[in-house]
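A.B. asks: Here you go, sequence then predicted model.
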Amino acid sequence: MLLDRCSQVLVGIGIVAILARTLGTDGFAAFQYAQSLVLIGASVALICGSEVVVPRLVALGDLAAQHRLLKHVFRLRLLAACCAYLLVCGFLWVSRQGDASWQPALILGIAILLREPSGVVIAWTQAHTQTRPSVLINLASLALKAGSVATLAVMGIHAVGAYAAAFVLEALMAAVLLGTFYRKYMPQQAVDYDGQLTRQLFRDGSLFWISFMLMMAARRADQLILRPHVPSEEFAAYAAAMQIVDNYTTLATILAGGIAPLYVYARDASAGIRNVLKLAAFITIVGVAGAVPLILLAPWIVHLLYGAAFAEASSLLRLATLASPLVFADVGFTILAAYLRKPRWIAIKWGLAFLATVAVDLSAIPRFGAKGAILGYAVANVLATLAGIYMWLHARRAQA
């Protein structure tokens, strides 16, 4: 899983660099806007996630019973994915976006219909502690996307839609391989629809679902608000800077995911809560240590990845990086909600972050442009971190 996450980050940086250099500022801006819209839409399809499915699968020892459960989860996610794609189309129509944004968004949106429903197979492998097959499938699909993007660039193709199709190829290959793997090891008998089970799955997964949608909206709403207020060059510079910051802050999730199982989850309540604070402090220190060279080397990094056309991104990268250690702290404190099984806490936190992002962006972006969007990013991170600290103090008092 660590190999999978690291590969996703490193290859993702390379792909974004190719897109920026090949498409130019206008094409890159259109692609990034479409991708942000699709990522928000994809969160709608993630109902009944692994948090709900995996424990149920573990409790079901019979393969036929597991197949019945997964069939219902698949139907639920497929319906949600169709709704998500329609929402993406509806937003494009209401916002009166031009053809430059319409085409890549509609193509990228196809991945929602493929990736999220087929993700039930990944939950099944997790329940059986067989992460290797899903990781290999993810890596193979990632290689196909990277190879397709590189081939298009070498051929001198500058059509944004062609690169969006390369992203869909990744989701298509993953869905086919996951489906093939599942059919090989699981029974394939027909499953009758059970409305009560569907309603139960929807109810149990709704809080995690809402939390994830709020998180994605808080992280991506800035680009949707920024796009109509600034030129393509400024929007492209902002998107390029945030791509670097987002890939850097992924390190926090990788660290937390690797440390928390033994350092937090395997301990009793008192030690676990205490160790959450230590983990959050450690991850934050790592975030600060990594932010310093990122700030100092920002012009060189931007030039190396994106070229001279994105020189404006270096100053934006420095500003965004100043707020990035707060993301590390937030990830550390989020471990507490997972440890205590408090999804409501996560929903409240991301609800506050989303409202803060929208409020600050709507007031600051018309005046300050991309720097106003970074201000919204920083304020949201501050609120999320403060919410995490408050929740830790509350858990500490309750335990005492």
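C.D. replies: It's in.

A.B. asks: what helix or strand does the closest residue in space to Leu60 that isn't next to it in sequence sit in?
C.D. replies: For Leu60, the nearest residue in space outside its immediate sequence neighbours is Gln66; the separation is 5.0 Å by CB to CB, 6 or more residues apart in numbering. Every C-beta, even on glycine, is put in place using the N, C-alpha and C of the backbone. If you go by DSSP states H and E, Gln66 is part of helix 63-94.

A.B. asks: how about the helices of the stretch 51-200 of the chain, start to end?
C.D. replies: 63-94, 99-108, 110-118, 120-127, 131-154, 160-185, 195-226 (DSSP state H, counting those that start in this stretch).

A.B. asks: Select the longest helix from the protein.
C.D. replies: With DSSP state H setting the assignment, residue counts place helix 2-44 as the longest helix in the chain.

A.B. asks: before we move on, back to that, how about the helices of the stretch 51-200 of the chain, which one is nearest Met242?
C.D. replies: Between Met242 and the helices of the stretch 51-200 of the chain, the tightest spacing by CB to CB is seen for helix 195-226, at 7.8 Å.

A.B. asks: Pull out the buried positions in that closest one.
C.D. replies: 198, 201-202, 204-205, 207-226 (16 or more other CB atoms under 10 Å).

A.B. asks: now for it, which elements pack on it?
C.D. replies: Under the contact criterion of 3 or more CB pairs under 8 Å, 6 or more residues apart in numbering; DSSP states H and E, the helices and strands touching helix 195-226 comprise helix 2-44, helix 50-59, helix 63-94, helix 232-260, helix 343-368, helix 370-399.

A.B. asks: Report all helices and strands that the first one contacts.
C.D. replies: So the one you mean is helix 2-44. In this structure, helix 2-44 packs against helix 63-94, helix 99-108, helix 110-118, helix 131-154, helix 160-185, helix 195-226, helix 232-260, helix 298-306, with contacts taken as 3+ CB pairs under 8 Å, 6+ apart.

A.B. asks: In TSV, list the ones you listed along with distance to Ala380 and mean pLDDT.
C.D. replies: TSV is the format used below for these (distance: least, CB to CB, whole Å; pLDDT from 0 to 100):
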stretch	distance to Ala380	mean pLDDT
helix 63-94	21	90
helix 99-108	24	85
helix 110-118	25	91
helix 131-154	29	92
helix 160-185	27	92
helix 195-226	6	86
helix 232-260	13	89
helix 298-306	22	92
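
A.B. asks: any chance of those in CSV, plus distance to Ser315?
C.D. replies: Formatted as CSV, the helices and strands packed on helix 2-44 follow (distance: least, CB to CB, whole Å):
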stretch, distance to Ser315
helix 63-94, 30
helix 99-108, 26
helix 110-118, 33
helix 131-154, 27
helix 160-185, 26
helix 195-226, 16
helix 232-260, 8
helix 298-306, 8
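
A.B. asks: Please identify which of these is closest to Leu322.
C.D. replies: If you check each of the helices and strands packed on helix 2-44 against Leu322 by CB to CB, helix 232-260 wins as the nearest, at 10.0 Å.

A.B. asks: what helices or strands is the closest one leaning on?
C.D. replies: In this structure, helix 232-260 makes packing contacts with helix 2-44, helix 195-226, helix 269-296, helix 298-306, helix 313-339, helix 370-399, judged by 3+ CB pairs under 8 Å, 6+ apart.

A.B. asks: Deepest in the core, which of these is it.
C.D. replies: Ranked by mean neighbour count under mean count of other CB atoms under 10 Å, these are led by helix 313-339, which reaches a mean of 24.

A.B. asks: Report all helices and strands that that helix contacts.
C.D. replies: helix 232-260, helix 269-296, helix 298-306, helix 343-368, helix 370-399.

A.B. asks: about what we covered before: check the gap between the residue nearest to Leu60 and Ala123 for me.
C.D. replies: With distances taken as CB to CB, to the nearest Å, Gln66 is found 10 Å from Ala123.

A.B. asks: Show the contacting residues for the residue nearest to Ser270 when sequence neighbours are not counted.
C.D. replies: Distances taken as CB to CB, 6+ apart place Gln399 nearest to Ser270, at 5.8 Å, with adjacent residues excluded. Applying CB atoms under 8 Å, 6 or more residues apart in numbering to Gln399 gives the contacts Ala269, Ser270, Ile273.

A.B. asks: Could you single out the nearest of these to His158?
C.D. replies: For the contacts of Gln399, the minimum distance to His158 (CB to CB) is 53.6 Å, reached by Ile273.

A.B. asks: surely the closest one meets Leu336?
C.D. replies: Yes. Taking CB atoms under 8 Å as the definition, Ile273 is a contact partner of Leu336 at 6.8 Å.

A.B. asks: Okay then, goodbye and thanks.
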